Structure formats: C-alpha cells, structure tokens
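Q: Return atomic coordinates for the entry below.
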Amino acid sequence: MFLGGWGEIKGRFIGIGILLIFLSVLLVSACQNKKQEEKVIATVNDTPITLAEFEKEMASYSKRQPTFKMTPRETEEVLETIIEKKLMIKEAMEKGLAEDERFRDTIKIFWEQTLIRDLINTKNKEWADRFFVTEDEIQKQYNRMHYRISVIAARAGNKEEAEAIRKKMLKGEYNKGREIMVPYFAEDIDSLPLQNAFEMQKGEAGVFDSDKGYLVIYVIKKEKIMPPQLKEIYANIKIALIEQKKQQAITEWIKGLRKASKVDINTKVLKTVSYGQ
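A: Here you go, the predicted structure:
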C-alpha cells in the first residue's frame, strides 16, 4: 500500500513539474511576444508606431503588391506610408471629424480609412476653387498621348546619387533596384515626374524631383501612335488633369504636415526588419 501510494505521489509530482515547465515556457514566450510588440520603430508627435504594427502593415502590403521586395528602401517607404496615415488621422481628429473614439479599437481599420477619406474630401472641398486646367495643359497632355514609351526608372535619395544612376543608365551599366515599365501610355500615368518621359527621346536619361526624393528615368523605347481626335477625349483629359492636381495638392499638404510634426525613426529596429535580423 505504501509503495503504491508513493508511486502515485511521485507521479503527481512529475505531472506538476511538467505542468510548471510548460507554464514557464508559455510565460517566457508571452513575455517575448509582449517585448516584440512593445518595440517602437518610430514616433509621430509622441504617438508610437510599434514593430508589431509595422510588420502587420508590411505583410498586408506584400499581399497587395506580389512583386514587393523587402529591401531597406522599400521598408522605409512602407514606414513613410504609416507615418503619413498617423499625421492625417491626427489632423482629422483636430478638425472634429471623429467625435466619438469609443469604437476605434473594434473597427480601427474601417475607422481610420473612413477618417482619412473624410479628411481628404474636406480638403478637396476647401481647394475646390483652386483646381483648373488651361488649354495649353490639355494640348500638352494630348501631345503626350501620341506616344507609347518603355522606360527604366529608379529612385534616389539625393541628387548626387540620382546623377550617378543616370550616368550608369546611359552606359548600360545600371541594374540594381531598377524598375522596368513597358509599355506605357500617357493616360496610364498619374505620376507627374514620370510624365516627363514623354518629352524625352529614346536613349535619353533624366533626373526629376518626386515626392520621395528623386526619380531617374531612362527611355528604352518610344513608339508613335495615333490617339482619337482631341474633341472626342477633351473632357476626359480635363478631368484627368484636375485629378492629378488634386493628388499633387494632397501630396504637398502631407509634406507640410510632416515638416511641421516631430517624427523620430528608430533606425536600429528598422534595420532588423529590413535585413531579417
């Protein structure tokens, strides 16, 4: 009886020990996960952007963009997108577009998207009288529509880097990080810097200001095509140009928000994401 009882007690102690080890592992894992979530990759006006939030956005972006490559430049661009979103949400809050925040945690994504959309609509109404196009602008866009182009485009952080890339493109030596665009029609392009390619000739390379540094463009091919008569597409061209101006105004406005705000980026944490360390 005693031996049997001791065996039972011993078994219970072993079971309790295994349970304690299991709970310890869970606790350590939970602490590690909590620590990972609490890592701050950047702050925007004292509002933190956690590593967990950033990685979630990266995963979402990868699903939307199958060709996305997780390089340092691309991760910085995703971070810039989150920063811009934070700035616009703060601006929307200050304008009283969100009177009740009680539902933010449960419908956060929808709430943010709606808030940003309402903010942009509000800004568009404020700027309604500013957007117009001239006959010269319409004619210039129509002239672009007489060509179809193929280009190599690359982004650069500063003008010196952009100029170095341009020279390499002219020599046929630039391959790193290039983006080949083939073919493109003028009406397909809403990027103002990229529209400059339609004024360039085959084999020509140029450097242009963009919303994220500089854009280097090399024209691989330029084909002559015949668009519909101007009178047939006049209204469509006018609407498209107005929309471009609205987008440009939004971009410049966000730049202003960014300049007037305090943004701190934890480059050490960002590098761990970029390089998978």
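Q: show me where the stretch 101-250 of the chain has strands.
A: 147-156, 179-185, 205-210, 213-224 (DSSP state E, counting those that start in this stretch).
Q: just those strands: most buried one?
A: Among the strands of the stretch 101-250 of the chain, ranked by average contacts under mean count of other CB atoms under 10 Å, first place goes to strand 147-156 (a mean of 20). (Glycine included, C-beta is placed from N, CA and C.)
Q: sorry, back to before: which stretch in the strands of the stretch 101-250 of the chain is the model least sure about?
A: When the strands of the stretch 101-250 of the chain are compared by mean pLDDT, strand 179-185 comes last with a mean of 64.
Q: ok, back up a step: pipe the strands of the stretch 101-250 of the chain into TSV and attach distance to K245 per row.
A: As requested, the strands of the stretch 101-250 of the chain are exported to TSV (distance: least, CB to CB, whole Å):
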stretch	distance to K245
strand 147-156	22
strand 179-185	20
strand 205-210	16
strand 213-224	19
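Q: pLDDT score for P228?
A: Reported pLDDT for P228: 91.
Q: Also R104?
A: 51.
Q: Next: F2.
A: For F2, pLDDT reads 38.
Q: Number of residues surrounding K125?
A: K125 has 9 neighbouring residues, counting by other CB atoms under 10 Å.
Q: For I82, see how far away it is.
A: 26 Å (CB to CB, to the nearest Å).
Q: Could you do Y174 as well?
A: In terms of CB to CB, Y174 sits 30 Å off from I82.
Q: likewise I225?
A: 40 Å.
Q: who has more neighbours, those two?
A: Neighbour count, other CB under 10 Å: between I225 and I82, I82 has more, with 19 against 11.
Q: relative orientation of the helix or strand encompassing the more buried one and strand 213-224 in degrees?
A: Applying DSSP states H and E as the criterion places I82 in helix 72-94. Angle between the axes of helix 72-94 and strand 213-224 is 110 degrees (criterion: axes from the mean of the first three to the mean of the last three CA atoms, to 10 degrees).
Q: Could you give me the buried positions within helix 72-94?
A: 74-76, 78-80, 82-92 (16 or more other CB atoms under 10 Å).
Q: Can you give me the neighbour number for G96?
A: The burial count for G96: 7, using other CB under 10 Å.
Q: Now do the contacts for it.
A: For G96, no residue meets the contact criterion (CB atoms under 8 Å, 6 or more residues apart in numbering).
Q: give me the low-pLDDT residue ranges for the stretch 1-150 of the chain?
A: 1-38, 62-63, 65-70, 97-113, 115 (pLDDT under 70).
Q: any idea of the pLDDT on I225?
A: 90.
Q: pretty sure it contacts I149?
A: No - contact status for I225 versus I149: not in contact, 10.4 Å apart, counting by CB atoms under 8 Å.
Q: ok, now which ones touch K245?
A: 131, 133.
Q: and the gap between it and E160?
A: 31 Å.
Q: Ok, I265 next?
A: Taking CB to CB, one finds I265 at 22 Å from E160.
Q: Name the residue in the two with the higher neighbour count.
A: Set I265 next to E160 and count neighbours by other CB under 10 Å: I265 wins out with 17 against 10.
Q: Apart from its neighbours in sequence, what residue is nearest that one?
A: Closest residue to I265 apart from its sequence neighbours, by CB to CB, 6 or more residues apart in numbering: A42 at 4.5 Å.
Q: That concludes my questions; thank you for your assistance.
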